[in-house]
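Student: Output the structure for:
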Amino acid sequence: MDDANTGPSLPVAMTDDIVDSSRDAIITIDPKGRLTSFNPGAEAIFGLRASETVGKTVAEVFLPIQELDVFTDCVLEAVRNPDREHTANISLDGENGRLHLSVRAVLLRHKGTGDRVGVLVMISDESERVESLAQAAERERERAATGRFIVAILTIFSVFTLLLEPMQKLAQARFFDLGPVMALLTLVVIAFLINRWISPSSETIGLDLRPRRRHLVEAVAWSVAFCVAMTLAKYAFLALDSAGPPEPLFSFYVLDDGTRVDSVGLYALGLSVYLVSVPFQQFAVRCAIQAPLQSFLTGVVGPAGWIANVTATLLFAVLHAHLNPVVSLAVILPSLLWGWLFMRSGSVVTPIVSHAIIGVYAIFVLGVFAGLDQV
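Tutor: Numbers count the residues shown, from 1 in each chain. As a prediction, the model looks like this:
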């Protein structure tokens, strides 16, 4: 009667099929260090054929291959000391990129007699796992850097809010308020300093100055549509407002005290200052806040992009809070549009273009803020 503990064994042909179909490299070596088998998995990893390797020694086959010193030492040590398991981790350049391999060499015994017949070397391709771990580690480093970036930016906004009153005292009478300009310049300078400190990638902060043409066309189209909507809204408001004297649908830029600008030079100066400030505003809000925050929240919450957009928009409104509550509330809707364009394109150029179109039209042509403090 057969031993009860002895299970059925696989046919030799089936065993060979399993070895041949394995993605892992399987190599057998006799006690003299000569290769006795070299499966297709080993052929794929090392770029060698079984006919070229079987019958040769480990040294003859592997020593000529660069980057295999650790592997060769592990196998030779297993041949010399087969009674214990030998392991090693190696990296090798393959046809599809860098391979990260896990090597395990164990004693090979005869099934019937238990005699030593050589060494079995099993090599597993751990490239996907290693790459996944590397990406996860990089992601964690990026999140940590993003967290420091956001904390610094929020600190700047807090300081700016506390210094609003002193900044107001520095405003030039009857011309231009320096408070927001100082705040924006401070944000940009500190953003660059923090950027040097944490070194995030340009993709992380959305600092792409070459968006696709379709994204630029999309930004212009949405901006024009927004301008049309503003015009219709003001027209409806004027039609319903019969309390005072009729106001024109279109009006030019006005000063902080409501005085209309009649000088072409002063009008051009105000327009130039505004256009110069637009890139600073969008860089500070999109690249310094929205993009890092979105990167930080991705994988943590579902709508990470929109949460980052809304948060950046509210902070953008804070920049205008000291001017007038109406101004602060009015910038929320267009800012959400600019944040959406930024999300779609991944470039700070699209919100800059849209901001310039909508802002110039609203302030310098339609006059939606006529009679209010404005930047």
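
Student: ranges for the helices of the stretch 101-250 of the chain?
Tutor: Taking DSSP state H, counting those that start in this stretch as the criterion, the stretch 101-250 of the chain carries its helices at 127-162, 164-169, 178-198, 213-240.

Student: Any regions of the stretch 51-200 of the chain where pLDDT drops low?
Tutor: Applying pLDDT under 70 to the stretch 51-200 of the chain flags the ranges 94-97, 112, 114, 145-200.

Student: Could you tell me which strand of this protein is the longest one?
Tutor: Assignment by DSSP state E gives strand 97-109 as the longest strand of the chain.

Student: Does the residue lying closest to Arg98 once chain neighbours are set aside lie in a helix or a strand, and which?
Tutor: Counting by CB to CB, 6 or more residues apart in numbering, Arg98 lies nearest to Ser91, which is 6.1 Å off, once chain neighbours are set aside. To be clear about C-beta, it is placed using only N, CA and C from the backbone, and glycine gets the same treatment. Ser91 belongs to strand 86-94 when assigned by DSSP states H and E.

Student: can you give me the angle that strand makes with strand 97-109?
Tutor: Interaxial angle, strand 86-94 versus strand 97-109 (axes from the mean of the first three to the mean of the last three CA atoms, to 10 degrees): 150 degrees.

Student: what sits against the residue nearest to Arg98?
Tutor: Residues counted as contacts of Ser91 (CB atoms under 8 Å, 6 or more residues apart in numbering) are 67, 98-101.

Student: List phi and psi for the closest residue in space to Gly118 that isn't next to it in sequence.
Tutor: Leaving aside its sequence neighbours, Gly118 sits nearest to Asp30 (CB to CB, 6+ apart; 4.3 Å). Backbone geometry at Asp30, expressed as degrees, to the nearest 10, gives phi -80, psi 170.

Student: quick one on the thing from earlier: any idea which of the contacts of Ser91 is the one closest to Gly367?
Tutor: Nearest to Gly367, judged by CB to CB, of these is Arg98 at 61.5 Å.

Student: my guess is the closest one meets Glu128, correct?
Tutor: No: judged on CB atoms under 8 Å, Arg98 makes no contact with Glu128 at a distance of 11.7 Å.

Student: thinking again about what came up before, which one (most neighbours) among the contacts of Ser91?
Tutor: For these, the largest number of neighbours (other CB atoms under 10 Å) sits with Leu101, at 23 neighbours.

Student: Against Ala44, how distant is it?
Tutor: Plainly put, Leu101 is 12 Å away from Ala44 if you go by CB to CB, to the nearest Å.

Student: Give me the common contacts of those two.
Tutor: With contacts taken as CB under 8 Å, 6+ apart, Leu101 and Ala44 have Ala25 as neighbours in common.

Student: ok, back up a step: need the max-distance pair from the contacts of Ser91.
Tutor: Maximum pairwise distance among the contacts of Ser91 (CB to CB): 11.8 Å, between Glu67 and His100.

Student: Which neighbours do these two have in common?
Tutor: 90-91.

Student: Please parse this structure into its domains.
Tutor: If you go by automatic domain parsing, the domain ranges for the chain are 12-125, 138-366.

Student: just checking, what packs against the helix or strand harbouring Val278?
Tutor: Here Val278 sits within helix 264-282, counting by DSSP H and E. Counting contacts by 3 or more CB pairs under 8 Å, 6 or more residues apart in numbering; DSSP states H and E, helix 264-282 is packed against helix 178-198, helix 349-360.

Student: Phi first, then psi, for Pro40.
Tutor: phi -60, psi -30.

Student: How about residues contacting the longest strand of the chain?
Tutor: When contacts are defined by CB under 8 Å, 6+ apart, strand 97-109 is touched by residues 25, 28, 45, 71, 74-75, 77-78, 82-83, 85-93, 115-127, 129-131.

Student: Pairing partners for it, with directions?
Tutor: strand 86-94 (antiparallel), strand 116-125 (antiparallel) (DSSP bridges).
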